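K.L.:
Fold the following and give me the result.
(one chain, ligands or ions: 1)
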Amino acid sequence: MRVLSGIQPTGNLHLGNYLGAIRNWVKMQDEMDAQSQCFFFLADMHSITVHEGREQRLTNVREMAAALVACGIDPDRSVLFNQARVPAHAELCWLLNGTARIGWLNRMTQFKDKAGKNREGASIGLYVYPVLQAADVLLYQATHVPVGEDQKQHLELTRDIAIKFNTDFEREVFTLPDPIIPKETARIMSLRDGSAKMSKSDPSDQSRINLTDDNDTIAQKVRKAKTDPEPLPSEAKGLEGRPEAQNLVGIYAAMAGMSADAVCAQFAGQGFGAFKPALADLLVSTLAPIRDRYVALKDDHAALDDILRKGAEKAAAAAEPTLRAAYDAMGLMR
Ligand code: TYM
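P.N.:
Modelled structure (predicted):
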């Protein structure tokens, strides 16, 4: 088993990232057997599609590395690195540009969302973004890719690119990866709008819980989260048509390791005035230790750079055979 996943180092790690992806990364790392390997990386080459100054980007990469370690990614057991340090990603992306079809990229919903109305003004990088993501995954012959629901389409494209490349060049150069998407926490929604996903790019900080928020901020954001005036139902199916309530119950269930039905049974008939403080306490008890580890790590640039550099050396060595096979299959002499 080869596990691989990445995160963009833009802004803070939030609860959606944690429950949708990172918690699963840590679980897969902790359950790994001797034959398996985990690769986790900061997609800083992807982050060029969001304009940021030099200092900000340097800070973001280190802070995200610190956040992943604080969440439980262990650089001694998993290969943790930043993409820019492993040029094979950019190289394979270029080779795959010969295989990926414009029609396939035109269907990518993330591109449509991020480009917005001004499609002509979007960068080429934003358009080609999913090809670089395919390169990230295929380079390591990843078999399992733990991600949230919003990455599903990118993973399907990755498989399409791999199948076409293997077929066109008549060699099994790439392994087809499977996305691992947690059922209950695949899509954590904004605290302000139950129809929008929790996101780093939402201009309202009230819409998300950041892993760096202090206890009072967490409690205040939960208190102000949008809800409806109805009490909690006795079963989860009573939450249908109540997206905000469903989201908060889902977050509680995920944090407590309970089913949504069990959470509803526990709070049946109570209003959000009673439920929200319980949810805030639960969030604080899990997130406070992560935040404390993060604060202790984030300014130790030497230690973080050392982790990322060593990770990149291991990643580059693991990527090299696939990169060589791809060049060779295409008849490109290196
Ligand atoms: P990114 O940085 O947007 O998000 C990192 C991970 O968090 C998940 N996620 C969520 N899950 C549930 N609910 C939410 N509200 C939520 N918001 C984010 C994402 O699904 C993701 O798993 N393109 C990727 C980074 C990437 C990558 C890769 C991932 C680059 N190369 C190769 C996997 C494999 C991205 O922007 O994720």
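
K.L.:
hey, where'd the helices end up in the stretch 151-300 of the chain?
P.N.:
Per DSSP state H, counting those that start in this stretch, the stretch 151-300 of the chain has helices spanning 152-168, 215-224, 243-256, 260-267, 272-297. These are given in chain order.

K.L.:
just these: most buried one?
P.N.:
Among these, helix 243-256 has the highest mean neighbour count (mean count of other C-beta atoms under 10 Å), at a mean of 21. Heads up, the C-betas are built off the backbone N, CA and C, glycines and all.

K.L.:
In terms of secondary structure, what does that helix contact?
P.N.:
Applying 3 or more C-beta pairs under 8 Å, 6 or more residues apart in numbering; DSSP states H and E, we find helix 243-256 packed against helix 260-267, helix 272-297.

K.L.:
Could you check stretch 61-75 against the ligand for contacts?
P.N.:
No. Stretch 61-75 does not reach the ligand (C-beta under 6 Å from any ligand atom); its nearest approach is 8.9 Å.

K.L.:
for that stretch, which positions count as buried?
P.N.:
Neighbour-count burial for stretch 61-75, with 16 or more other C-beta atoms under 10 Å as criterion, is recorded at 61-73, 75.

K.L.:
what's next to it, contact-wise?
P.N.:
Applying C-beta atoms under 8 Å, 6 or more residues apart in numbering, the contact partners of stretch 61-75 are 7, 9, 12-13, 18, 22-23, 25-26, 29-30, 40, 42, 44, 80, 82, 211-212, 290-291, 293-294, 297-298, 300-301, 304-305, 307-308, 310-311.

K.L.:
ok, now with 6 Å
P.N.:
Residues from elsewhere that reach stretch 61-75 (C-beta atoms under 6 Å, 6 or more residues apart in numbering): 9, 13, 22, 26, 40, 42, 44, 80, 82, 211, 290, 293-294, 297-298, 304, 307-308.

K.L.:
before we move on, back to that, ok, which of the helices of the stretch 151-300 of the chain comes nearest the ligand?
P.N.:
helix 152-168 (6.1 Å; C-beta to the nearest ligand atom).

K.L.:
The residue of the stretch 101-250 of the chain found nearest the ligand: neighbouring residues, count only.
P.N.:
Distances between the stretch 101-250 of the chain and the ligand by C-beta to the nearest ligand atom are smallest at residue 148, namely 2.4 Å. The tally of other residues near residue 148 (other C-beta atoms under 10 Å) stands at 23.
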